[in-house]
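Visitor: Have a look; sequence and predicted model below, questions after that.
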Amino acid sequence: MSSQSSDIKRAIRMSGEFTLKRAKKKAQEQIDHLFNVSLHVAVTGETGTGKSTFINAYRGLRHGDEGAAETGVTETTTEPTPYEHPTVPNVVLWDLPGVGSIKFTAKTYVKKMQFEKYDFFLIISDRFKENDFMLAKAIQKRKKKFYFIRSKVDSAVQHEGDEGTILSKIRKDCQENLKELGNPPVFLISSKDLSAFEFEELVSTLNSELPEHKKYALLQSVPITSVAMLEKKISMFKKAIWAAAIASGGIAAVPVPGLSFACDTVIVMSFFTRCYYAFGLDDRSIEKLSERVNKPELKSLKKAPHLKELAESSVLRMGASAAGEFLCSMVPVVGNAAAATMSFSMTRDLLENGLTVLADEARMVLKEA
C-alpha cells in the first residue's frame, strides 16, 4: 500500500498543489480543458487569397469533401461562416469576408464580424494591402492577437526560381509593408502542403502565446506535418495522465456499486479516442495522408485494431479493479483511501500503456509516409 500511496503523492506534486483536495480540483479543470475547451479562430483576407484552402487544409479536408469550405468562388456573404473541425468539434475556424470584398467601413466591419468571440485572427494575403493593414489596426485596438499569413508561397517559388532568394524577398516586402504595426511576424505558408515552409512555426508561436487552457484544443486540432509535431501531441497527452488518474481515484472513494467502473470507462475511452484522432490514426486521416504523399500502400493501415483492442482490454481490467475498489471503499476509516489509490494506479497504468501503443502506431505510420 505504501508504494501506491507514494504514487498519489507523486501525482499531487505533478499537479503543483500541496493537498489531494486541491489536486483533485485542478485535475478536473485540466480534464475539462483537454476535452471541452473551445477555440474560435477568425480567418480573414480578400477573395482569392486562399482563405478557404487554408481552412480546409488545417482541418485535413480537400475541396469537395463533406464539410469543406468552398474554394474558387466569388465572395458574396456578409456574415462570418463557421467551419467546425471534423474530429475536434470544440475547435471552429470562422471564414470572415474580406474588408475589401464588401461595402463596410472599418467600424461597421468590426461590429458585424463580432470580433469579441474569436481567440485570435489569421490575416491571409498573397500581397499585403491597405485593407489588411487597416484590419490589423482594428484588431490591435481591441487588444486581440493577430498573425499574418503570406499565402501561395509555393506558386511564387515555382514561378520565380531560387527558393531561398524568393522567400527572403517575400519576407522583406511583408515586413516593409507592416512595419508601422511594430514588425509583427509573418508566416510564409502553402496551403497545398502545410508541411512545407512555415506552418509549424505558426503553430509553435500560437502554442507559446495562447492561454494555457487553449493550448489543448490547438494541439489536438492541428494536422501532423512532421515527427516533431506528433511528438508535441504525444507530450501533451502524457502531461494530462496524472489529471485523469486523480479524477478516477476521487470517484472510486465514493462507495456506490458500479460508479467507479462507469466513470473510469468514460475517462479512459475518452482519453484514448482523443489520442486516436489527434495522432491521425482514423481511417479518413490515413487515407488523406496516403493521397498526399502518393503512397497507396498506406491505405492498408486503415482500420487499425488498436483502439478496439485497447477498449476491450481496458474494460476487462477496469471491471476487475472496480470490484476490489468497491470492497475497499466499504472498509471503515482506511477503505476510501485504499479504493482511491487502487483506482488511481489502475487508470494511470492503463493510460500510460495505451498512450504508448497509440503513439508507436502513429510514429510507424509517419515513418511509412
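Guide: Perfect, thanks for sending it. Residues are numbered from 1 along each chain as shown.
Visitor: What helix or strand is Lys25 located in?
Guide: helix 20-36 (DSSP states H and E).
Visitor: what about that helix, distance to the chain center?
Guide: 18 Å (Cα atoms, centre = their mean, to the nearest Å).
Visitor: try stretch 57-71
Guide: With Cα atoms, centre = their mean, you get 18 Å for stretch 57-71.
Visitor: Can you pull out the residues in contact with it?
Guide: Identification of contacts with stretch 57-71 by Cβ atoms under 8 Å, 6 or more residues apart in numbering yields 51-53, 55-56, 72, 81, 83-86, 93, 95, 191-192, 194, 221-223, 280, 284-285, 288. All C-beta atoms are positioned from the backbone trio N, CA, C, and that covers glycine.
Visitor: which SS state does the nearest residue to Ser190 once chain neighbours are set aside fall under?
Guide: Spatially, and ignoring its direct neighbours in sequence, Ser190 is nearest to Asp154 (3.8 Å; Cβ to Cβ, 6 or more residues apart in numbering). Assigned state for Asp154: helix (three-state reduction, DSSP: H, G, I helix; E, B strand; the rest coil).
Visitor: for the chain, what are the low-confidence residue spans?
Guide: For the chain, applying pLDDT under 70 flags the ranges 1-5, 7, 73-77, 100-107, 248-264, 297, 299-343.
Visitor: In it, what residue spans correspond to helices?
Guide: Counting by DSSP state H, the chain has helices at residues 2-15, 20-36, 51-58, 106-112, 130-141, 153-160, 163-178, 199-209, 212-221, 227-252, 259-278, 283-292, 306-329, 335-368.
Visitor: which of those is buried the deepest?
Guide: Each of these was scored by mean neighbour count; the highest is helix 51-58, a mean of 23, by mean count of other Cβ atoms under 10 Å.
Visitor: For Asp360, see how far away the residue lying closest to Tyr118 once chain neighbours are set aside is.
Guide: Closest residue to Tyr118 apart from its sequence neighbours, by Cβ to Cβ, 6+ apart: Ala42 at 4.0 Å. Shown here: Ala42 relative to Asp360, a distance of 37 Å by Cβ to Cβ, to the nearest Å.
Visitor: What of Asp95?
Guide: From Asp95 to Asp360 the distance is 37 Å (Cβ to Cβ).
Visitor: Let me see the contact set for the spatially most central residue of the chain.
Guide: The structure's the chain has its C-alpha centroid closest to Gln220; by Cα atoms, centre = their mean the separation is 2.3 Å. Neighbouring residues of Gln220 by Cβ under 8 Å, 6+ apart: Val88, Val91, Lys233, Met236, Arg274, Tyr277, Ala278.
Visitor: Reformat these into CSV and put distance to Trp242 next to each item.
Guide: As requested, the contacts of Gln220 are exported to CSV (distance: Cβ to Cβ, whole Å):
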residue, distance to Trp242
Val88, 22
Val91, 24
Lys233, 17
Met236, 13
Arg274, 16
Tyr277, 22
Ala278, 18
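Visitor: Closest to Met364 out of these?
Guide: Checking these against Met364 by Cβ to Cβ gives Lys233 as the nearest, at 15.2 Å.
Visitor: That closest one: what's it in contact with?
Guide: Lys233 neighbours (Cβ under 8 Å, 6+ apart): Leu219, Gln220, Ile224, Ala278, Phe279.
Visitor: Try it again at 6 Å.
Guide: Counting by Cβ atoms under 6 Å, 6 or more residues apart in numbering, Lys233 makes contact with Leu219, Ala278.
Visitor: just Ile224 next, same as before
Guide: Neighbour list for Ile224: Leu230, Gly280 [criterion: Cβ under 6 Å, 6+ apart].
Visitor: any idea how far it is from Asp65?
Guide: Ile224 is 18 Å from Asp65, by Cβ to Cβ.
Visitor: Glu160 now?
Guide: Taking Cβ to Cβ, one finds Glu160 at 31 Å from Asp65.
Visitor: ok, now how distant is the nearest residue to Leu181 once chain neighbours are set aside from Pro89?
Guide: Nearest residue to Leu181 in three dimensions, chain neighbours excluded: Ala136, at 5.5 Å (Cβ to Cβ, 6+ apart). Between Ala136 and Pro89 the computed distance is 30 Å (Cβ to Cβ).
Visitor: what about Asp119, neighbour count?
Guide: The number of residues packed near Asp119 is 19, by other Cβ atoms under 10 Å.
Visitor: No further queries at this time; thank you.
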